[in-house]
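Colleague: Fold the following, please.
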Amino acid sequence: MVIAEPTGLNTIWIGHKGTLWLDIEVFGRQAHGSTPWKGVNAFEKMVELAYKMIHELKPKIELKKSKYDYEDPKGARATINIGGEVKGGVKTNIVPGYYSFSIDRRIILEETVEEAEREIVDFIERVKRSIPELNIKIRVKSKSNAVVTSPNSPLVKTLMQSIREVLNINPKPVLCVGGLDMGYFILKGYQTVTYGPGDPDVAHMADEHICLDDIYNVAKVYLNLIMTTLM
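Modeller: The predicted structure follows:
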């Protein structure tokens, strides 16, 4: 299986990180803004928790480093992104009774998504004991493990050969820092790689673009790969 995500002409993605997406819901008690002592401010409780995660949990996670090669050496680390989405609040003069924030945890091959989830849950449980009236619900939105196809697999070797023959480029097999559809196929036992036209550095940006020459060149590589595989 070859997935045509934009890797650039000289890069093959042979795997990718896993993902764990969570929503951390914080429940307080709504009250009038002029009498805040009658409520429990969910925003303040959320900030206390998030502060501890940023300064205590995040550095611990980022110490984990993969032995595999990534395009960007910083991509070899496990990561956690806190607060991509924040929801809550009703009005300026109301003590908020609910707030939530998201967590985007990226999993390296040396760990499992279950281990990553347990680490976050255990940390939050410890924090709860130190913050009065902290009432939390953890909601899992998505999770998947990191995956890899062996760089010595026939597919990887044949694709590298095709790129050399067609483009006179010596491609580099690395892992993708993001998530791809490779996991669905690898877990079913298929040799799977990602190789396609386009610059991944502009992915999801306002000026995302692709060069027509890249499309043409990669199409020739695909054809060579197919013909070589069928011979």
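
Colleague: Against which helices or strands is the longest helix seen in the chain packed?
Modeller: Taking DSSP state H as the criterion, the chain has its longest helix at helix 212-230. With contacts defined as 3 or more Cβ pairs under 8 Å, 6 or more residues apart in numbering; DSSP states H and E, helix 212-230 has these neighbours: helix 154-167. The C-beta positions use only the backbone N, C-alpha and C, and glycine is treated the same way.

Colleague: ok, and for the helix it packs on, which residues are buried?
Modeller: Residues of helix 154-167 classed as buried by neighbour count (16 or more other Cβ atoms under 10 Å): 155, 156, 158, 159, 160, 162, 163, 166, 167.

Colleague: Let me know whether the fifth one touches residue 173 as I believe.
Modeller: Yes. Shown here, residue 160 and residue 173 form a contact pair, counting by Cβ atoms under 8 Å, at 7.1 Å.

Colleague: Quickly list what's touching both of the two.
Modeller: Common contact partners of residue 160 and residue 173 (Cβ atoms under 8 Å, 6 or more residues apart in numbering): residue 12.

Colleague: The longest helix of the chain: which residues count as buried?
Modeller: 214, 217, 218, 221, 222, 224, 225.

Colleague: Show me which of those is closest to residue 121.
Modeller: Nearest to residue 121, judged by Cβ to Cβ, of the buried residues of helix 212-230 is residue 218 at 42.8 Å.

Colleague: What distance do you get for that closest one to residue 195?
Modeller: Relative to residue 195, residue 218 is positioned 7 Å away (Cβ to Cβ, to the nearest Å).

Colleague: Same check on residue 87?
Modeller: Using Cβ to Cβ, we find residue 87 at a distance of 38 Å from residue 195.

Colleague: Compare the two (neighbour count), which wins?
Modeller: Per other Cβ atoms under 10 Å, whichever of residue 87 and residue 195 has more neighbours is residue 195, with 27 against 11.

Colleague: Next up, the contacts around that one.
Modeller: By Cβ under 8 Å, 6+ apart, residue 195 lies in contact with 2, 3, 4, 7, 11, 12, 13, 159, 163, 218, 221.

Colleague: now the residues you listed in JSON lines, with pLDDT and distance to residue 66?
Modeller: Below are those laid out as JSON lines (pLDDT from 0 to 100; distance: Cβ to Cβ, whole Å):
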{"residue": "2", "pLDDT": "96", "distance to residue 66": "23"}
{"residue": "3", "pLDDT": "96", "distance to residue 66": "21"}
{"residue": "4", "pLDDT": "94", "distance to residue 66": "25"}
{"residue": "7", "pLDDT": "94", "distance to residue 66": "19"}
{"residue": "11", "pLDDT": "95", "distance to residue 66": "17"}
{"residue": "12", "pLDDT": "97", "distance to residue 66": "17"}
{"residue": "13", "pLDDT": "96", "distance to residue 66": "14"}
{"residue": "159", "pLDDT": "97", "distance to residue 66": "22"}
{"residue": "163", "pLDDT": "97", "distance to residue 66": "24"}
{"residue": "218", "pLDDT": "97", "distance to residue 66": "27"}
{"residue": "221", "pLDDT": "97", "distance to residue 66": "28"}
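
Colleague: Quick check: of these, which lies closest to residue 187?
Modeller: residue 3 (14.1 Å).

Colleague: who's that closest one bridged to?
Modeller: Beta-bridge pairing of residue 3 under DSSP bridges involves residue 194.
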